[in-house]
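Chemist: pasting the sequence and the predicted coordinates here, then a few questions.
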Amino acid sequence: MGKTNNVTEFIFWGLSQNPEVEELCLVMFLFFYTVILLGNLLIMLTICLSNLLKMPMYFFLNSLSLVDICFSSATAPKMIVDQLAKVKTISYEGCILQLFGVHFFGCTEIFILIAMAYDRYVAICKPLHYMTIMDQERCNKMMLGSWLGGFLHTLIPVSLVLQLPFCGPNEIDHYFCDVHPLLRLACTDTHLPGGIMTANSGTVTLGGFVILLISYTVILVSLRKQSAEGRRKALSTCGAHIAVVIIFFGPCVFTYMRPDVTFTEDKMVAVFYTIITPMLNPMIYTLRNAEVKNAMRKLWGRKVFGKSNDK
């Protein structure tokens, strides 16, 4: 049977239909998105201009900041503009593009977080071999693998949605195009594509979460052999990573590790992994990392005030 597609655009319900709540959302999310852009750009500039990019941990942190900017940009600008619109529409092509962006950058972020956990494992459990194991070539391969893995994962939901016929209605109870809301609108049986998508996204999300839990458990157990100072430094760094993992993966597991059903809470939960996590990452990583804080103080003290601040 050929695909019949009468739908050329979709209409979002957004986070709320209440005009007062929409005004509040506009101000709030405009602020959040500004913080995401400025915070992550500040980290990237600091790492690149302070020669920290040669160190594996900051090489991965730089990439995480880039992905956070791209990931939030897939949904936030459209959501902010929609708060001003009476009818929140998106074209069919725009919807597919948004679906691609959310899954591509979201999945790439999962793989980068795994790479960062491996980097911390080597640094804490095999400190004498750290520079040999985590050389530039391996870091580049891990980064390439993260982006490639994100792309391959994304091909499945996008290709499945492209094959679905949409003949109306075209209203989505969400603020961006995602798999579950689109499956509900398809005018065909979606049990098979729904199962494939749950298996695909669920495997990446739960698999990534389990790998990270195991790696940080191994790291924390190995800390017993470290000195008090070594333990303190390692816990500070790992604490930041674990905080990011919980904030990011909790909502992702809730959304993608279940059968093809939608809940009204989905869009509120999605705010956490599409907006809140990219906003908190710069704060968590800089506030818990003395090296980044010192680099920022020296670099921006010199640039802004014309002298080095070496306090």
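Modeler: Received the coordinates, thanks.
Chemist: only C-alpha atoms for contact and neighbour calcs from this point on.
Modeler: Will do.
Chemist: what stretches of this protein score poorly on pLDDT?
Modeler: 1-5, 257-265, 287-289, 302-311 (pLDDT under 70).
Chemist: one more pass at 80, please.
Modeler: 1-7, 168, 223-241, 253-268, 285-293, 295-296, 299-311 (pLDDT under 80).
Chemist: where do the strands of this structure begin and end?
Modeler: 9-12, 88-91, 171-172 (DSSP state E).
Chemist: Leu213: which of these is closest?
Modeler: Ranking those by proximity to Leu213 (CA to CA) places strand 171-172 first, at 34.5 Å.
Chemist: so what touches that closest one?
Modeler: Residues from elsewhere that reach strand 171-172 (CA atoms under 8 Å, 6 or more residues apart in numbering): Phe10, Ile11, Phe12, Trp13, Pro181, Leu182, Leu185.
Chemist: pick the one among these closest to Cys95.
Modeler: For the contacts of strand 171-172, the nearest to Cys95 is Phe10 (7.6 Å; CA to CA).
Chemist: which ones are touching the closest one?
Modeler: So Phe10 contacts Thr89, Ile90, Ser91, Tyr92, Cys95, Asn170, Glu171, Ile172 (CA under 8 Å, 6+ apart).
Chemist: swap in 10 Å and give it another go.
Modeler: By CA atoms under 10 Å, 6 or more residues apart in numbering, the residues touching Phe10 are 88-92, 94-95, 168-172, 176-177, 182, 185.
Chemist: are any of the residues you listed buried, and if so which?
Modeler: Buried subset of those (neighbour count, 16 or more other CA atoms under 10 Å): Lys88, Thr89, Ile90, Tyr92, Cys95, Asn170, Glu171, Ile172, Phe176, Cys177, Leu182, Leu185.
Chemist: could I get the residues you listed in TSV, plus columns for distance to Gly145?
Modeler: What follows is those, written out as TSV (distance: CA to CA, whole Å):
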residue	distance to Gly145
Lys88	36
Thr89	35
Ile90	32
Tyr92	30
Cys95	27
Asn170	37
Glu171	37
Ile172	34
Phe176	27
Cys177	26
Leu182	29
Leu185	34
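Chemist: farthest pair within the residues you listed?
Modeler: Lys88 and Leu185 (16.7 Å).
Chemist: quick one, helices of this protein?
Modeler: Here the chain has its helices, by DSSP state H, at 19-49, 56-73, 76-82, 92-125, 130-133, 136-162, 179-185, 191-222, 228-256, 266-271, 277-287, 290-305.
Chemist: okay, buried residues for the second one please.
Modeler: The neighbour-count check on helix 56-73 (16+ other CA under 10 Å) flags 56-73 as buried.
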